[in-house]
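J.: pasted the sequence and its predicted model underneath.
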Amino acid sequence: MRYSLAAVLLLTSTFTVAEHPSSFSAAKKILDRQIYTGTDRVTFYCGCDYAPAPNPNKPSNTRLTPDAASCGLKPRKNADRAGRIEWEHVVPAWEFGHQLQCWQKGGRKACQKDPKFRVMESDLMNLVPAVGELNGDRSNYRFGMIEGEPRKYGACDFEVDFKQRVAEPPEHVRGDIARIYFYMADRYQLKISRKQRQLFEAWSRMDPADAAELARGQRIAEVQGTGMDSSKLAMGERGR
């Protein structure tokens, strides 16, 4: 079932026991143990199933590993990184960090002591499971449209233009990306360029929130106290 919500956001407190993750490291553990479990263990862009598997670099350990056969994934260049799951910031740390004074003093390392940066860095709404190589290739590039279909990751519909510093995600997550950007902008007063905002508004209309996205938002709201609460999503172009 799909919802005709061009949706976005809501900042909501749910239960008194809800608490924002204390760090990015803590957020990753919460995502793995409480948000993405069972049939929800599917990568954001490629739709690959993933699960813990032996780490080829450390045989005594395991790591979250995508099932390449489940999604037709092929490494572009870095097979090792394509063989692990990483938690990607949809709004890159570089993008929200650059809007803080601490970044000007020493980049991400300097911002690790900034309370606002640490909260943004660990916000569960902005973190999704991604194939490691895609996370690395996307880097801090803006999302946009790329002419043609220069597929580099097998059947995964994800393109990167390294010269133009643009990443094009598959259609089925474009609305999700837009709503996450709007959530982060509203929650932390982040600036989004007019061009990007227009693109995201179009993506949100063309790819309205589905049941899986709403359920994810509700789980996150219950855990950290803020998120996209399906019961409070408003109608309208941006869901304000």
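T.: It's in. Numbers count the residues shown, from 1 in each chain.
J.: could you count how many residues lie near the nearest residue to Gly97 once chain neighbours are set aside?
T.: With C-beta to C-beta, 6 or more residues apart in numbering as the criterion, Gly97 has its nearest non-adjacent residue at 4.3 Å, and that residue is Trp103. In this view, the C-beta of every residue, glycine as well, is placed from N, C-alpha and C. Using other C-beta atoms under 10 Å, Trp103 has 19 other residues around it.
J.: my guess is Trp103 meets Ala110, correct?
T.: Yes: taking contacts as C-beta atoms under 8 Å, Trp103 lies within contact range of Ala110: 6.9 Å.
J.: for this structure, what spans make up the helices?
T.: In chain order, the chain shows helices spanning 24-30, 79-82, 93-97, 101-104, 107-111, 115-121, 132-138, 174-188, 194-206, 211-224, with DSSP state H as the criterion.
J.: quick one: buried residues of the second one?
T.: Using 16 or more other C-beta atoms under 10 Å as the burial criterion, the residues of helix 79-82 that qualify are Arg81, Ala82.
J.: check the third one too.
T.: By neighbour count, and taking 16+ other C-beta under 10 Å as the criterion, the buried residues in helix 93-97 are Ala93, Glu95, Phe96, Gly97.
J.: then the last one?
T.: Judged by neighbour count using 16+ other C-beta under 10 Å, the buried positions of helix 211-224 are Glu213, Leu214, Arg216, Gly217, Gln218, Arg219, Ile220, Ala221, Glu222, Val223, Gln224.
J.: try stretch 150-165
T.: Neighbour counts over stretch 150-165 (16+ other C-beta under 10 Å) mark Tyr153, Gly154, Cys156, Asp157, Phe158, Glu159, Val160, Asp161 as buried.
J.: what's the most distant pair in the residues you listed?
T.: Using C-beta to C-beta, the pair of these lying farthest apart is Gly154 and Asp161, separated by 18.2 Å.
J.: rewinding a little: quick one: the buried residues of stretch 150-165 as TSV, columns for pLDDT and distance to Arg197 too.
T.: Written out in TSV, the entries for the buried residues of stretch 150-165 read as follows (pLDDT from 0 to 100; distance: C-beta to C-beta, whole Å):
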residue	pLDDT	distance to Arg197
Tyr153	96	28
Gly154	95	32
Cys156	96	27
Asp157	94	24
Phe158	96	22
Glu159	96	22
Val160	95	22
Asp161	94	21
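J.: looking at those residues, which are in strands?
T.: Glu159, Val160, Asp161 (DSSP state E).
J.: show the average pLDDT along stretch 177-186.
T.: Per-region confidence: stretch 177-186 scores 95 on mean pLDDT.
J.: ok, now which ones touch the residue nearest to Lys74 when sequence neighbours are not counted?
T.: Spatial nearest neighbour of Lys74, excluding adjacent residues (C-beta to C-beta, 6+ apart): Gly154 at 3.2 Å. Taking C-beta atoms under 8 Å, 6 or more residues apart in numbering, we find Gly154 in contact with Ala68, Cys71, Gly72, Leu73, Lys74.
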